[in-house]
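S.K.: no sequence for this one, just the structure:
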């Protein structure tokens, strides 16, 4: 063995697990950007139409190459490139794709050298930066404009830019920033969010911006379950009413045919409910998952109350909470209804089985009665057959005795001999018939 050959250093000497790269890379899949005010973020989320994920990746790859930059790899789920005066981030999710652009915020100098003033929020509408040839992968779900600016000193001036009926104001990361929104669309069809920087570092600012954009994105996606819940609600109520009627009939039903009909009705209701559950299970599960993500992001920004204003959490709990409870309640109702249908079906199957067992018992009793009757008839026929066979045998014996007498060799009267042979013949025939019956009984 060559003792001079040194082994490769570190863990690279070992064969990696096929999923090692994906697992290690997952925690770095969507890193926070390092940003500083003043900056504007335009964020869009599109539903991915079936079969459109590949064309979307091809389009974005072409967009990257048109900018003289490398596109995403075939398995990449996110990619960031320089785009005009800012950057463009592309992310591929399970059922939607996001395009997020951020760049410098053009604004007039603020008073006293504080930086950009809030007049920037009243500037002319900003169109999307992707160009006229942009091909969205599907219908638009989310559109957000987020402005990150230094705190102007007067919170009332910033708050006045939003609708007071749905205004949400909250401290973030202690009191390092204030996030303001009214969750309403502006003239460009985008939800407006204003973040006032009060001492964020670049990493905190990037994390806060990303989490606020995710709150709006997942809030919208979570509410997609509400139309589904409203759509299937009448069908679920119809199945519930039919089940109540069937339960009433179960109490009054009597007989195998009635129970079989009720069991068929239960099976049809179970099939109807299964079809509804198959249509909605993914959407309801996704809505619950998205709603949990929203609450996780609200916790992550360390939301704090600003005196005189409602927080993001309180507004979302008040406005979207009932919708999510409707989604959860509809899903729970279907699960509960499925269990009730299963119990009713089991009860009916038990009753049908009992009725069938009763029918089988009655049938067996009837068969036993017929078997006893057949046995008695067989015994009667057996007795008659012994008499009939004996009659013919005795007749043959009488003919034999008469023939012997005619020959002259019989020392007694044939009639007397025939009479004496009767009990012997009867006993012999009875023994033979009994032996035959016994032999058949042993075989079967």
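M.R.: Nice, thanks for sending it over. Predicted model, so just to flag it, every value in this text is computed and none were measured. Numbering: from 1, shown residues only.

S.K.: show the end-to-end separation of stretch 72-87, please.
M.R.: 15 Å (CA to CA, to the nearest Å).

S.K.: what comes up buried for it?
M.R.: Using 16 or more other CB atoms under 10 Å as the test for burial, stretch 72-87 gives 72, 77, 79, 81, 83, 86. Using the backbone N, CA and C atoms, a C-beta is placed for each residue, glycine as well.

S.K.: what's the offset of it from the middle of its chain?
M.R.: 34 Å (CA atoms, centre = their mean, to the nearest Å).

S.K.: which residues touch it?
M.R.: Stretch 72-87 has contacts (CB atoms under 8 Å, 6 or more residues apart in numbering) with 29-30, 33, 57, 60-61, 64, 67, 69, 71, 88-93, 101-104, 129.

S.K.: just to revisit the earlier point, adding secondary structure, pLDDT and distance to residue 302, write the buried residues of stretch 72-87 out as CSV.
M.R.: Formatted as CSV, the buried residues of stretch 72-87 follow (DSSP: H, G, I helix; E, B strand; the rest coil; pLDDT from 0 to 100; distance: CB to CB, whole Å):
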residue, secondary structure, pLDDT, distance to residue 302
72, coil, 83, 33
77, coil, 82, 28
79, strand, 85, 30
81, strand, 84, 32
83, strand, 83, 31
86, strand, 85, 28
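
S.K.: and which of those is nearest to residue 408?
M.R.: Residue 408 has its nearest neighbour among those in residue 77, at 126.5 Å by CB to CB.

S.K.: the residue positioned nearest the centre of the chain and residue 220, how far apart?
M.R.: Nearest to the mean C-alpha position of the chain, by CA atoms, centre = their mean, lies residue 281 at 4.1 Å. Look at residue 281 and residue 220: by CB to CB, to the nearest Å, they are 21 Å apart.

S.K.: now swap in residue 278 and tell me
M.R.: 25 Å.

S.K.: residue 143 too?
M.R.: 10 Å.

S.K.: ditto for residue 198
M.R.: From residue 198 to residue 220 the distance is 28 Å (CB to CB).

S.K.: okay, these two: which has more neighbours?
M.R.: residue 220 (20 against 15; other CB atoms under 10 Å).

S.K.: test my guess that the more buried one contacts residue 45.
M.R.: Yes: using CB atoms under 8 Å, residue 220 is in contact with residue 45, at 7.5 Å.

S.K.: which residues are in contact with each of these two?
M.R.: 141, 142.

S.K.: hey, where'd the strands end up in the stretch 251-400 of the chain?
M.R.: For the stretch 251-400 of the chain, applying DSSP state E, counting those that start in this stretch gives strands covering 304-305.

S.K.: which stretches of it have low pLDDT?
M.R.: 253-254, 379, 383 (pLDDT under 70).

S.K.: how is the chain divided into domains?
M.R.: 29-206, 225-362, 375-443 (automatic domain parsing).

S.K.: I'd like those domains as TSV, with distance to residue 213 appended.
M.R.: Shown next, in TSV, are the domains of the chain (distance: least, CB to CB, whole Å):
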stretch	distance to residue 213
domain 29-206	5
domain 225-362	9
domain 375-443	89
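
S.K.: which residues of this structure fall in helices?
M.R.: 20-26, 53-66, 155-159, 202-222, 225-252, 256-300, 312-319, 321-407, 414-443 (DSSP state H).

S.K.: mind listing what's buried in the last one?
M.R.: Which is helix 414-443. So, applying 16+ other CB under 10 Å, buried residues of helix 414-443: 414, 417, 418, 421, 425, 426, 429, 430.

S.K.: which ones are touching residue 320?
M.R.: By CB under 8 Å, 6+ apart, the neighbours of residue 320 are 219, 222, 223, 291.

S.K.: do you know how far it is from residue 215?
M.R.: 11 Å.

S.K.: before we move on, the earlier item: overlap in contacts of residue 143 and residue 220?
M.R.: Common neighbours of residue 143 and residue 220 (CB under 8 Å, 6+ apart) are residue 45.
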